[in-house]
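**Q** fold the stuff below for me.
(2 chains)
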Amino acid sequence: MRGGMVGEEESGGENDRGTPAATGMGGTKETEVGEGADDWTHRADLAAFVGEDDARARAAFDRLSPTCRPFLARYLYRTCGVTDAARRDDLEQTILLRVWGARRNFQPRGRDAWFGYIRQAAYRCFLDDCRRRHAPTLPAAEEVERIPDRELGVAEVVLSALDAGELDALADQTLLDDHTPLDLDGSTRGLLAAQLFYLDGEGWEDVANLLTMTDPTRPVTRERLDDWLTDPRVIRRLAFRQVYWENRRLARYLLDAARESGEQDNAIAAVIDWRYRYGLLPEQIRQRNDCQLPVEKLMATLDRCVARLPFTTVMEEFLARLRRGGTERLTKWLASNHLWQRLAFAYRYADHLMHRDILDRCQPPAKVAGFDLNAGHLNVWLANARLLARISRARDRRDEEDEREGVGDVGP
Amino acid sequence: MSAHDPKAADVDTSVDGGDLAPETARFLDGLFRAYAPDTEDLAPEIVTDAEWVAYLSGALAAEEAYSLTRRVAADAGLRAEMRRVYRQLEALRNRPLATAESAPVAELWRSLVARLSGEYIRTARERMRGARERVWASGEAGEAGVLRSAFREDFRRLRAEAAQTARTLPPLALARSGDVTANVVYLPVVNAERTAASVRRAVVDADGTATLSVTWEGAVPEGATVFLGMRGAAGGWLLASAPCAGGATTWIVGQLGTALSLGPGPLPTDGFYLSVGNFADPPGEDAITLPATVVGPDGAPIGDALLERRSVRVEEGRLWLTLVVPEAVRRRYPQASVALDLRLGHALTQRLDSWPLAEWEMDAREVSLPLPSPDAAASLLIALLVATVHEPPA
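**A** All right, here's what the predicted structure looks like:
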């Protein structure tokens, strides 16, 4: 007998037909959970659950728990991407314990409130689990309470994508592809094909042969290769991986450039490291006690670094390689905002740069590519985490489409 | 290209996401910082040559291949490494073995033999397990007979399967003799059909070590090398060699029992044979058909021909065999040459040698192929031989 039926008897069969929860940005719709709104009959159980009588509360929780399990299993699998069944089971138990332990905080305002409460508890447990497994410095679970309900979905998407190492792929799909995301083969073998062809100058026969050798069950024909080599989504991925230099790589490059110019000074090396590897602003460096350069020399050093930034050259060489393949038209795909939003996103969230530093790295190559990037763009794109919200929405849309098509229903 | 202004109508500056509350944005920043990679220098990604070859011969599981493709696409250094190995494999494709011994190529090959040998042993272990289960099922009385038929049956399949498996594996490595130890099983077992010898001791210890002791009773000269083979339907499968000393030989073979899933107790000796002086097919071996593809000047297949191989043996570090090219084939393709290649992975072969058919006076001709490491690779090489008849350019 399902717990829900017991609850129905004890609660007098009262049916809470609460309004479906506002899903907001990336919100998980409670109408998608295991039980439909129409047959949800646990309103009295909710009241008992938060009541003073522990025995009645326990009994109510025993009836409520089964209603949560399908939701939790689905939430953990789909939203959080927890594919390991044992981990999912552990999390489920932890969540229910947390729900029980914090029951006095719950306001029994109906079904939507109940599942909202479950969802928040689930997210906090998932956050704790990620902290324990991979990321000890994650924000405390209590901070989740400060997130408006309608935005919890964004936090869910970001954490699950970060934890699964899929945020870059998600950002590529959302920001580099127009409306149809590039498939997995295109974003892996297609990208590698483009690198081998455009960057390494391999002939198409060698590219096709090499990629076929890696997977003889999916031979790469000339037609397939041509599709990849002329696909704007592949070309933008290719460009992104050329133009994006993460902090460590850029710092190493600038240190080498300084040494080659005869600037062997340790104080200069330290400044370059602070500025480009750790992302400190000039004024922050100036205030450091261990900065041994006088202000004038410090600023001159930083000016020289800006002048040595490689991005203009990188983009010029990249465009030249695209054109060498007789494919002038490909370059126009870099003059739209796709590539530059993707770069802004990476520099903002992977390298934690301020807008003006992002501009230093993106504006010169954008100009070469025909896109007049300015601070206004960055403000529009990055203020209030808009790109993150957009990525989250895009994943929600994709999940909804998958659900409609029955894709990925292999979980719980 | 016209300049793009954020306020220009033709530019989409919206990000279609809406604004998030400052608390949410701060929380998300915290998530990103927690997952930020260490700013210390990361160790460079390392992919071994064996892994590259496995990747480039389609031997990796789909998930592994996908993962490696992602890593290669994200790391220019890895991409350069992959291209280097690809070039080497391409170089191996048509270059005679004797000239393909530059250091990197030799290194590449050496890194592969262990993998192939390991795969062979795994296959053998499965087969042996099946044989033992049938022995248990039949009871002790029928043990000898069951083992004999099981071994013959299983090793017939083993050879075919190992050859099949090897086609999905990296190129066969022909390591220098003595270089490969980890996955090579040295298993000398007496077969009275070929040598007058008696087994003094043949046991598997608790730790999987096999001890064998054989007396030769003067039948084998001192110092002569005795080769051990597994009997199969299509020739023998060379396992190892060992010298005769003091009229007897004792072998202590680590991990043999483990490799073949044999528990402590007697080591069954049926199914194996010995040959003295050189490795050869088991006695009574008939000619083996060797199907050959006939290819035109452009490399495209234009027909088939049936050749044969006979009398395979290993001698002085070379593989000798009698290759039979019927007169009908020689008459039809008088200007062609016949080549023996080694099948490597799915898409690769390596040329071992070739001979003009014009010089072929009789059907059968003894040819020899380079074989740097007979102990480890002879049988695999035999199993992976591919014959081709090449029409010359017009």
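
**Q** near chain B, which residues of the stretch 51-200 of chain A show up?
**A** A:131, A:134-139, A:143-144, A:146-148, A:151, A:154-155, A:158-159, A:162-163, A:184, A:188-189, A:191-192, A:195-196, A:199-200 (C-beta under 8 Å from any C-beta of the partner chain). Bear in mind the C-beta positions are built from the backbone N, C-alpha and C, glycine included.

**Q** rerun at 7 Å
**A** Proximity of the stretch 51-200 of chain A to chain B (C-beta under 7 Å from any C-beta of the partner chain) is limited to residues A:135, A:137-139, A:143, A:146-148, A:151, A:154-155, A:158-159, A:162, A:188-189, A:191-192, A:195, A:200.

**Q** now residue B:199: which helix or strand?
**A** Using DSSP states H and E, residue B:199 falls within strand B:198-204.

**Q** so which elements touch that strand?
**A** Counting contacts by 3 or more C-beta pairs under 7 Å, 6 or more residues apart in numbering or on different chains; DSSP states H and E, strand B:198-204 packs against strand B:210-215, strand B:265-266.

**Q** got a list of what residue B:218 touches?
**A** By C-beta atoms under 7 Å, 6 or more residues apart in numbering or on different chains, the contact list for residue B:218 reads residue B:247.

**Q** with the one 3 residues further on instead?
**A** Residue B:221 makes contacts with residue B:244, as judged by C-beta under 7 Å, 6+ apart.

**Q** how much space separates it from residue B:245?
**A** Distance, residue B:221 to residue B:245, using C-beta to C-beta, to the nearest Å: 11 Å.

**Q** so residue B:60 is in contact with residue B:53, correct?
**A** No: contact criterion C-beta atoms under 7 Å: residue B:60 and residue B:53 do not qualify, at 10.1 Å.

**Q** from the residues of the stretch 51-200 of chain A next to chain B, which land in helices?
**A** Cross-referencing those against helices under DSSP state H gives A:154-155, A:158-159, A:162, A:191-192.

**Q** which of the residues you listed has the most neighbours?
**A** When neighbours are counted by other C-beta atoms under 10 Å in any protein chain shown, residue A:154 leads these with 31 neighbours.

**Q** tell me the spatial nearest neighbour of that one, not counting adjacent residues.
**A** Of all residues not flanking residue A:154 in the chain, residue A:392 sits nearest, at 4.2 Å (C-beta to C-beta, 6 or more residues apart in numbering or on different chains).

**Q** what's around the one you found, how many residues?
**A** Residue A:392: 28 neighbours (other C-beta under 10 Å).

**Q** helix or strand: which one has it?
**A** If you go by DSSP H and E, residue A:392 is part of helix A:386-405.

**Q** run the chain-centre distance for that helix.
**A** The chain centre lies 12 Å from the centre of helix A:386-405; the measure is C-alpha atoms, centre = their mean, to the nearest Å.

**Q** point out where the stretch 201-350 of chain B drops to low pLDDT.
**A** Along the stretch 201-350 of chain B, segments meeting pLDDT under 70 span B:208, B:210-213, B:226-241, B:250-263, B:268-287, B:317, B:343-350.

**Q** same thing but 50
**A** Applying pLDDT under 50 to the stretch 201-350 of chain B flags the ranges B:232-235, B:284, B:346.

**Q** now swap in the stretch 251-400 of chain A and tell me
**A** Looking at the stretch 251-400 of chain A by pLDDT under 50, you get an empty list.

**Q** what about the helices in it?
**A** Taking DSSP state H, counting those that start in this stretch as the test, the helices found in the stretch 251-400 of chain A are A:266-272, A:282-286, A:295-308, A:311-324, A:337-349, A:355-369, A:375-382, A:386-405.

**Q** any idea which of those gets closest to residue A:207?
**A** Residue A:207 lies closest, by C-beta to C-beta, to one member of those: helix A:311-324, at 14.2 Å.

**Q** and that closest one with chain B, contact?
**A** No: using C-beta under 7 Å from any C-beta, we find that helix A:311-324 stays clear of chain B, coming within 11.4 Å at best.

**Q** okay, that helix in CSV with CA atoms only?
**A** C-alpha atoms of helix A:311-324 as CSV (Å, rounded to 0.1, in the frame of the first residue of the first chain):
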residue,chain,number,x,y,z
PHE,A,311,45.4,38.2,-29.1
THR,A,312,45.6,40.4,-32.1
THR,A,313,48.3,38.3,-33.6
VAL,A,314,46.5,35.1,-32.7
MET,A,315,43.3,36.2,-34.4
GLU,A,316,45.2,37.5,-37.5
GLU,A,317,47.0,34.2,-37.8
PHE,A,318,43.8,32.3,-37.2
LEU,A,319,41.9,34.2,-39.9
ALA,A,320,44.8,33.7,-42.3
ARG,A,321,44.6,30.0,-41.7
LEU,A,322,40.9,30.0,-42.4
ARG,A,323,41.4,31.9,-45.6
ARG,A,324,44.2,29.7,-46.7
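
**Q** for it, packing partners?
**A** Helix A:311-324 sits against helix A:232-243, helix A:355-369, with contacts defined as 3+ C-beta pairs under 7 Å, 6+ apart.

**Q** contacts for the longest one?
**A** Contacts with helix A:355-369, where a contact means C-beta under 7 Å, 6+ apart, come from A:243, A:279, A:306, A:309, A:311-312, A:314-316, A:319, A:331, A:334-335, A:340, A:343-344, A:347-348, A:373, A:375, A:378-379, A:382.

**Q** any idea which of the helices of the stretch 251-400 of chain A is most buried?
**A** Stretch with highest mean neighbour count among the helices of the stretch 251-400 of chain A: helix A:337-349 (a mean of 24; mean count of other C-beta atoms under 10 Å in any protein chain shown).

**Q** which non-adjacent residue is nearest residue A:311?
**A** residue A:365 (4.3 Å).

**Q** ok, that neighbour to chain B distance?
**A** Distance of residue A:365 to chain B, given as C-beta to the nearest C-beta, to the nearest Å: 14 Å.

**Q** please apply the same query to residue A:249.
**A** Distance from residue A:249 to chain B, by C-beta to the nearest C-beta: 10 Å.

**Q** do residue A:383 as well
**A** In this view, residue A:383 and chain B are 7 Å apart by C-beta to the nearest C-beta.

**Q** and for that residue, the neighbour number?
**A** Residue A:383 has 14 neighbours, counted by other C-beta under 10 Å.

**Q** leaving out chain neighbours, which residue sits closest to it?
**A** In this structure, residue A:383 finds its nearest non-sequential neighbour in residue B:19, 7.3 Å apart by C-beta to C-beta, 6+ apart.

**Q** tell me, how many residues neighbour the one you found?
**A** Considering only other C-beta under 10 Å, residue B:19 is surrounded by 15 other residues.

**Q** do residue B:314 as well
**A** When neighbours are counted by other C-beta under 10 Å, residue B:314 registers 26.

**Q** quick one: secondary structure of it?
**A** State at residue B:314, reduced to three classes by DSSP: H, G, I helix; E, B strand; the rest coil: strand.

**Q** what about the strands in the stretch 251-394 of chain B?
**A** Secondary structure of the stretch 251-394 of chain B, counting by DSSP state E, counting those that start in this stretch: strands at B:265-266, B:272-276, B:279-280, B:288-295, B:301-315, B:318-324, B:337-344, B:348-356, B:364-370, B:385-390.

**Q** for chain A, which of those is the nearest?
**A** Among those, the nearest to chain A by C-beta to the nearest C-beta is strand B:348-356 (7.6 Å).

**Q** quick revisit: quick one, which of the helices and strands packed on helix A:311-324 is nearest to residue A:291?
**A** For residue A:291, the closest of the helices and strands packed on helix A:311-324 is helix A:355-369, at 18.2 Å, according to C-beta to C-beta.

**Q** just want the angle from the closest one to helix A:375-382.
**A** 110 degrees (axes from the mean of the first three to the mean of the last three C-alpha atoms, to 10 degrees).

**Q** and the ones in helices among the residues of the stretch 51-200 of chain A next to chain B, which two are furthest apart?
**A** Most distant of these, by C-beta to C-beta, are A:155 and A:192, 33.4 Å apart.

**Q** quickly note the distance from residue B:357 to residue B:307.
**A** Using C-beta to C-beta, residue B:357 is found at 11 Å from residue B:307.

**Q** more neighbours: these two, which one.
**A** Taking other C-beta under 10 Å, residue B:357 and residue B:307 do not tie; residue B:307 has more neighbours (21 against 18).
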